[in-house]
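*Asks:* Fold the following, please.
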Amino acid sequence: MKGVYCNSFNGGFDSTCLTFKKNQHFVYETSGDLGTYIIGKGKYNLKSKTLTLNFEKDSVIKKSEVFIENWSFLDNEETDSIELIFKVFDAYNKELPLYATIFEENNDFAYLKKNIVNSKGALTITKPKSSKIEIYKIGFIGYETLEVALKNDFTKQIKVILYPAQPEVISDTTHSYVLKHIEKEAFITSEDDMYKKVE
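*Replies:* Below is the predicted model of the structure:
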């Protein structure tokens, strides 16, 4: 089984590749037009036409974070509005602001040029003061999109740390495939997925 075996799907736009290494180790990778979106590794076993992939427990990929501070001391009791002060930074360089866009639920998450943060990574959105909770999405090209629910009751600072988009990790689980046909350069699973040797 040594080598790289790939199965194409979604009209050939996506593929899952299994790299079988020495000592029954394997690497699992699913990729498409936008890069790799699922990964995993572990040890495999082939017995009685059943291929078992035992994925090792892998460290969880770091996810984007949001920190909310209540700045109600800025609110005037006589005013009927509050401010949501967004600050967006790159996770790998927390001093580097990102030109992210803040998408608002009340605008059906539509793109609005006025909702792009400035060169310091900041954007202030003024809202009517209420107990209403709204969803906001923070996004930047090539980075994760983070969703946050905010109550429009007080002025708040919302500090967002965005990580680049990363693949999902298959961890601490087992996948089994019944092989209905095996040959030197390919194998076919019971779901009719053909894995051809590419390396």
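*Asks:* Give me the domain ranges for the chain.
*Replies:* Annotated domains of the chain cover 3-60+167-197, 65-162 [automatic domain parsing].
*Asks:* First-to-last residue distance for the last one?
*Replies:* What that stands for is domain 65-162. Start-to-end span of domain 65-162 (C-alpha to C-alpha, to the nearest Å) is 7 Å.
*Asks:* ok now it, how far from the chain's centre?
*Replies:* Counting by C-alpha atoms, centre = their mean, to the nearest Å, domain 65-162 is centred 20 Å from the centre of its parent chain.
*Asks:* Number the residues from 45 up from this point.
*Replies:* In the new numbering, first residue 45, that becomes domain 109-206.
*Asks:* low-confidence ranges in this structure?
*Replies:* Within the chain, the segments meeting pLDDT under 70 span 103-105.
*Asks:* distance from the centroid: which residue in it tops it?
*Replies:* In the chain, Glu122 marks the outermost C-alpha relative to the chain mean, sitting 42.3 Å out by C-alpha atoms, centre = their mean.
*Asks:* That one should be in a strand, yeah?
*Replies:* No. Under DSSP: H, G, I helix; E, B strand; the rest coil, Glu122 falls outside any strand and is assigned coil.
*Asks:* how far away is it from Asn54?
*Replies:* 58 Å (C-beta to C-beta, to the nearest Å). C-beta: built from backbone N, CA, C; applies to glycine.
*Asks:* Could you do Lys241 as well?
*Replies:* Lys241 sits 21 Å away from Asn54, taking C-beta to C-beta as the criterion.
*Asks:* So between the two, which is more surrounded?
*Replies:* Using other C-beta atoms under 10 Å as the criterion, Lys241 and Asn54 rank with Lys241 on top: 16 against 9.
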